[in-house]
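**Q** give me a 3D structure for the following:
(2 chains)
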Protein chains: 2
Amino acid sequence: MRPFTFFERFYKAFHDYPSLSKILVVSTISGGGLIVYSEANGSYSNNGVETETRKKKVVLLGTGWAGASFLKTLNNSSYEVQVISPRNYFAFTPLLPSVTCGTVEARSVVEPIRNIGRKNVEMSFLEAECVRIDPRSKKVYCRSKQGVNSSGKREFDVDYDYLVIATGAQSNTFNIPGVEENCHFLKEVEDAQRIRSTVIDSFEKASLPGLNQEERKRMLHFVVVGGGPTGVEFASELHDFVNEDLVKLYPKAKNLVQITLLEAADHILTMFDKRITEFAEEKFSRDGIDVKLGSMVVKVNDKEISAKTKGGEFSTIPYGMIVWSTGIGTRPVIKDFMKQIGQGNRRALATDEWLRVEGCDNIYALGDCATINQRKVMEDIAAIFKKADKENSGTLTMKEFHEVMSDICDRYPQVDLYLKSKGMHGITDLLKQAQADNGSNKSVELDIEELKSALCQVDSQVKLLPATGQVAAQQGTYLAKCFDRMEVCEKNPEGPIRIRGEGRHRFRPFRYRHLGQFAPLGGEQTAAQLPGDWVSIGHSSQWLWYSVYASKQVSWRTRVLVVSDWMRRFIFGRDSSRI
Amino acid sequence: MRPFTFFERFYKAFHDYPSLSKILVVSTISGGGLIVYSEANGSYSNNGVETETRKKKVVLLGTGWAGASFLKTLNNSSYEVQVISPRNYFAFTPLLPSVTCGTVEARSVVEPIRNIGRKNVEMSFLEAECVRIDPRSKKVYCRSKQGVNSSGKREFDVDYDYLVIATGAQSNTFNIPGVEENCHFLKEVEDAQRIRSTVIDSFEKASLPGLNQEERKRMLHFVVVGGGPTGVEFASELHDFVNEDLVKLYPKAKNLVQITLLEAADHILTMFDKRITEFAEEKFSRDGIDVKLGSMVVKVNDKEISAKTKGGEFSTIPYGMIVWSTGIGTRPVIKDFMKQIGQGNRRALATDEWLRVEGCDNIYALGDCATINQRKVMEDIAAIFKKADKENSGTLTMKEFHEVMSDICDRYPQVDLYLKSKGMHGITDLLKQAQADNGSNKSVELDIEELKSALCQVDSQVKLLPATGQVAAQQGTYLAKCFDRMEVCEKNPEGPIRIRGEGRHRFRPFRYRHLGQFAPLGGEQTAAQLPGDWVSIGHSSQWLWYSVYASKQVSWRTRVLVVSDWMRRFIFGRDSSRI
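**A** Sure, this is the predicted structure:
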């Protein structure tokens, strides 16, 4: 967000070259603003008060969705934020598949992290990777990519008061031999750029003389492993790139190109509604993308990929390029840290519902490197009963129960989810049903067994949040808002009653609001699944996709860049120079 | 040039989404067309006639200015063109300094070479480097960058009927130790991208903890070697990038950044008018760019650069990054070829005035890899006299002389240049003056000695053409036009009389028309030197620069991209993400 820069420049332009500049600026803005709606972000007013005391030092590891939205929201001048990441920019990852085919430029989806923080929060950035976290001495140890000082030392350490871990995850190879060495991943902007030049290289290689048809076919065989949203979007982007742009330049290659999608499960896009899955599979089959379901990759070498079907059949296919997009794994630094704090056997850092890392003080983790360890209602049922039974009567009156009801719903989000899934409006409905089931009809009081039987099903709704940018961004915003009101809420806690303890929690726990998900399928068609199981597939969803992705850009700069990239592609097609 | 694609897409857009698309397309075009004027390129009519005979195979090495303008102009379907180059695109090199600082995107200055040729000329492209030319067997030997076929063979050969060598030159290190290893060059798009990320890296490195002020200063010391247009433009672009954009993000670095320009000669921009040189030196001194004139680099290591002044003083300066831009050297493949054909002691391939490589059949060379060996008038003076003296009288009448006059001017461009430099209107003036000088006043006939004394000065005007894209592009266009009319002119030669031989030359010799030159100096100021010694410096020239560079783009696509990049920069500044 650089509103001041923008207006400064506008003013300067207006001042120096009145007429021409005005036209330039206006035409660009009007061009960029056509299908964009602005997300008005609150004012930049400084509502933190400078105090004499030392500022608390927040060290933020990572500049992805979680880190960037934390920075964008944090608005309290009593902190000084030290951001540490190997990348000095935030990348709008949902557009990475578009970058691989040149639909959008790499630079259009990135924003320097230094531009993202708010003006009244002191922020500095170090381009380095965190290699070790020491919670006892409250230090993180970092390493820069290049030789730094005269003694060639590349490591340094940084103290923190609060540590926010948002380093994300890495691609998961499942230790399958040859994947690391021979496959492309699609996590970083550089990955997308490499994929792009490899695609062009493949076409150039296949155009050289002295090759037989088999060899050319191998070079133009593109394999995508993983039928999730990223793999599917990449496959369809590649299909469009090849058929709309590349075949014009490489007419001889047209009949040699083959795109294959390998998926270990029985369907692609399993996280979506069945209608979307079916539509996508049919569209891919019409487009000539070969979807091999139930195919587990077992080995990759430099020219061939071997897979096994569920029936146990092996097959080996020659390939030109593989893009590996099967899921996420843990970064080494997080693995080490987890061992230190006794979470060694987990896949990701466990946090409580307030995103605090379990077993640590003042350390928070969010995004793909963390999972929330949601407390189960049934584990706490005795304590809940005791808390509600203020008179210690051994039974709960409805009045007593109503007093703690909203706190329970706050503390255990699964209760709300369960009620929604059953079409109920409140816990009262649940209790009534439980009493009806138990035969203890119309009783106005309920004992602990009745409470147990009423709530015994709700924990089935505890699910891991998906590893998406949407979750990470909401967590970043949530945590920043907690940091903003840390002192206020210390005095006036706003969270639910502490079930095992006195008083109230400082904050409400994090709650994820699913806003829907897109799966672009190529040919200007997108599948969209919105809350309430609303499914839309086709050209109209593509325009929705354009609007949402334009509006979700982190700055006006990237918004204009992305929209103008789309327009460029629309008019001139994608570029195929190997740059 | 992809007019059909453009209109196809326009039509499709119009058809599928009538209203919205129209607005999109129109707004983009109007945005892009604002400060652009179109260079109308001749029609796409097919004026070649398909014949039953085998097409002549033209092998073109290189896709730079010379190669691209050759391809763009060639319009005769009796040729099949095989382009071979390590780069499958044409790059608009004058904008490379802008790419280094992100003022213009890398992809905006490149156009796939396959898009450049005309529709009726059969053209194919091989992404490979030519490693050997064999004029006896009429073959070129090429090597691809990657392993290609199953036997891992990366080399292949290609036959030709005509060979057009347009491989350009490489940076000249003058064999100064350490330059190759430690300096950045600025010849290719990849070079510009590397420079860009090195600049950002330097700022990130200097922001890390654990460094003293000296080390930070070293990292932020940018050295440019060579005060030619490229070096000067890069230094001023970098200065603007640092002062307009980077200091906002790296406020602590502001007082540590230093840009130094080393130039061996007594002034920078020596190829320009003195007024421009003075203005540039003054502007740089105001901007704080340290210009060290008369500084010859003698050695570079990984942290320091050593230079010697003309007085013999040595100095060693620590640096963070060096950009080396001192001139051009010969590529190895051209060196080898020159040895083969007995031109081993030259700097570039010698061609005659028709761009034919001397001593070879059907081989042409143009652009930076070649120089025209212009025949001297005085070498041919006896033959000229003999040719003109049709009556063999031993003297020339004015009538006889007038008959060959235009042929001589055609054949020896230095004659015209000499006349222009003396303010004369025709050779008659020259003869009259020579006769006046010799005292043989008002004679109507002249003997060979009088002719010699009249023309003895003209060869002083024979100069090597500068190694610029302008020269290369004009040569490419010239050669393509010769190829187009090869058969026609075989029957009806249109060149001047052959001085040593019978009949006429098939074509007029190549003649360079200097259209002027720009030197951008930063801060939206440019120096322009146009024909007729017209010099303009300042903001107005900057707008001229924008217009000319936009109009000179090889396709409408790159034109729109470059203009919209300028607008982006104008509004949002340059991006500083390390991508």
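**Q** for the one helix or strand residue A:570 maps to, buried residues please.
**A** Assessed by DSSP states H and E, residue A:570 sits inside helix A:556-572. For helix A:556-572, burial by neighbour count (16 or more other CB atoms under 10 Å in any protein chain shown) applies to A:556-572. From N, CA and C alone the C-beta is placed, and that goes for glycine too.
**Q** how about stretch A:354-362?
**A** A:354, A:355, A:356, A:357, A:360.
**Q** repeat that for stretch A:411-420.
**A** Buried residues in stretch A:411-420, counting neighbours by 16+ other CB under 10 Å, are found at A:411, A:412, A:413, A:414, A:415, A:416, A:417, A:418, A:419.
**Q** can I get that stretch in CSV? Just the C-alpha atoms.
**A** These are the backbone C-alpha positions of stretch A:411-420, laid out as CSV (Å, rounded to 0.1, in the frame of the first residue of the first chain):
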residue,chain,number,x,y,z
ARG,A,411,-14.4,-21.5,22.8
TYR,A,412,-15.4,-24.6,20.8
PRO,A,413,-16.2,-23.6,17.2
GLN,A,414,-17.1,-27.2,16.4
VAL,A,415,-20.3,-26.7,18.3
ASP,A,416,-21.5,-24.1,15.8
LEU,A,417,-20.4,-26.2,12.9
TYR,A,418,-22.2,-29.2,14.3
LEU,A,419,-25.4,-27.2,14.8
LYS,A,420,-25.2,-25.9,11.3
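**Q** off-centre distance for it?
**A** Its chain's average C-alpha position is 23 Å from that of stretch A:411-420, according to CA atoms, centre = their mean, to the nearest Å.
**Q** stretch A:396-403 now?
**A** The answer for stretch A:396-403 is 40 Å, by CA atoms, centre = their mean.
**Q** for residue A:81, give me phi and psi.
**A** Note on residue A:81: its backbone torsions stand at phi -110, psi 130 [degrees, to the nearest 10].
**Q** next one, pLDDT for it please.
**A** pLDDT, residue A:81: 96.
**Q** could you export the helix holding residue A:570 as CSV, CA atoms only?
**A** The C-alpha trace of helix A:556-572 is given here as CSV (Å, rounded to 0.1, in the frame of the first residue of the first chain):
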residue,chain,number,x,y,z
TRP,A,556,-3.0,-0.8,-6.1
ARG,A,557,0.3,-1.2,-8.0
THR,A,558,0.0,-5.0,-8.3
ARG,A,559,-3.7,-4.6,-9.0
VAL,A,560,-3.1,-2.4,-12.0
LEU,A,561,-0.2,-4.6,-13.2
VAL,A,562,-2.2,-7.8,-13.0
VAL,A,563,-5.3,-6.4,-14.7
SER,A,564,-3.1,-4.9,-17.5
ASP,A,565,-1.3,-8.2,-17.9
TRP,A,566,-4.7,-9.9,-18.4
MET,A,567,-5.6,-7.2,-21.0
ARG,A,568,-2.2,-7.7,-22.8
ARG,A,569,-2.7,-11.4,-23.0
PHE,A,570,-6.3,-11.0,-24.2
ILE,A,571,-5.1,-8.8,-27.0
PHE,A,572,-1.7,-10.0,-27.9
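**Q** center of chain A - which residue?
**A** The centre of chain A sits closest to residue A:469, judged by CA atoms, centre = their mean, with a distance of 1.7 Å.
**Q** picking up where we left off before, let me know the closest of the buried residues of stretch A:411-420 to chain B.
**A** Lowest distance from chain B to the buried residues of stretch A:411-420 (CB to the nearest CB) belongs to residue A:413, with 36.7 Å.
**Q** could you tell me the per-residue confidence at the closest one?
**A** As predicted, residue A:413 sits at a pLDDT of 85.
**Q** residue A:375 is in contact with that one, correct?
**A** No. Between residue A:413 and residue A:375 there is no contact under CB atoms under 8 Å: 10.3 Å.
**Q** if we can go back for a sec, for the residue nearest to the centre of chain A, give me the backbone phi and psi.
**A** According to degrees, to the nearest 10, residue A:469 has phi -60, psi -30.
**Q** for it, which non-adjacent residue is closest in space?
**A** residue A:65 (4.1 Å; CB to CB, 6 or more residues apart in numbering or on different chains).
**Q** that neighbour: how many residues sit nearby?
**A** 28 (other CB atoms under 10 Å in any protein chain shown).
**Q** please apply the same query to residue A:177.
**A** Residue A:177, neighbours per other CB under 10 Å, totals 13.
**Q** give the contact list for it.
**A** Neighbouring residues of residue A:177 by CB atoms under 8 Å, 6 or more residues apart in numbering or on different chains: A:299, A:300.
**Q** try 10 Å
**A** Counting by CB atoms under 10 Å, 6 or more residues apart in numbering or on different chains, residue A:177 touches A:298, A:299, A:300, A:301, A:306.
**Q** so what's the third one scoring on pLDDT?
**A** pLDDT, the model's per-residue confidence, is 95 for residue A:300.
**Q** about what we covered before: same for chain B: which of the buried residues of helix A:556-572 are within range?
**A** A:556-558, A:560-561, A:563-572 (CB under 10 Å from any CB of the partner chain).
**Q** and those, which two are the farthest apart?
**A** Farthest pair in those (CB to CB) is A:556 and A:572. Separation: 23.9 Å.
**Q** just to revisit the earlier point, need the max-distance pair from the buried residues of stretch A:354-362.
**A** The widest separation within the buried residues of stretch A:354-362 (CB to CB) is 12.5 Å, between A:354 and A:360.
**Q** where does the prediction get shaky in chain A?
**A** A:1-52, A:147-153, A:438-444, A:578 (pLDDT under 70).
**Q** ranges for the helices of the stretch 451-579 of chain A?
**A** Along the stretch 451-579 of chain A, counting by DSSP state H, counting those that start in this stretch, helices occupy A:469-484, A:486-491, A:539-551, A:556-572.
**Q** and the first one, how far from the chain's centre?
**A** Going back to what we said before, that points to helix A:469-484. 12 Å.
**Q** that helix - contacts with which helices or strands?
**A** If contacts are counted by 3 or more CB pairs under 10 Å, 6 or more residues apart in numbering or on different chains; DSSP states H and E, helix A:469-484 sits against strand A:56-61, helix A:65-73, strand A:79-85, strand A:162-165, strand A:363-365, strand A:370-372.
**Q** repeat that for 8 Å
**A** helix A:65-73 (3 or more CB pairs under 8 Å, 6 or more residues apart in numbering or on different chains; DSSP states H and E).
**Q** quick one: the helix it packs on to strand A:56-61, angle?
**A** If you take axes from the mean of the first three to the mean of the last three CA atoms, to 10 degrees, helix A:65-73 sits at 150 degrees to strand A:56-61.
**Q** and helix A:65-73, what does it pack onto?
**A** Counting contacts by 3+ CB pairs under 8 Å, 6+ apart, helix A:65-73 packs against strand A:56-61, strand A:79-85, strand A:89-91, helix A:469-484.
**Q** how about the first one, does it reach chain B?
**A** No. In this structure, strand A:56-61 remains apart from chain B according to CB under 8 Å from any CB of the partner chain; the gap is never smaller than 12.6 Å.
**Q** in the stretch 351-500 of chain A, what residue is nearest chain B?
**A** Taking CB to the nearest CB, the stretch 351-500 of chain A has residue A:469 as its residue nearest chain B, at 17.8 Å.
**Q** where's the residue of the stretch 151-300 of chain A found nearest chain B, which helix or strand?
**A** For the stretch 151-300 of chain A, the residue closest to chain B is residue A:204, as judged by CB to the nearest CB, at 3.9 Å. Using DSSP H and E, the element containing residue A:204 is helix A:189-206.
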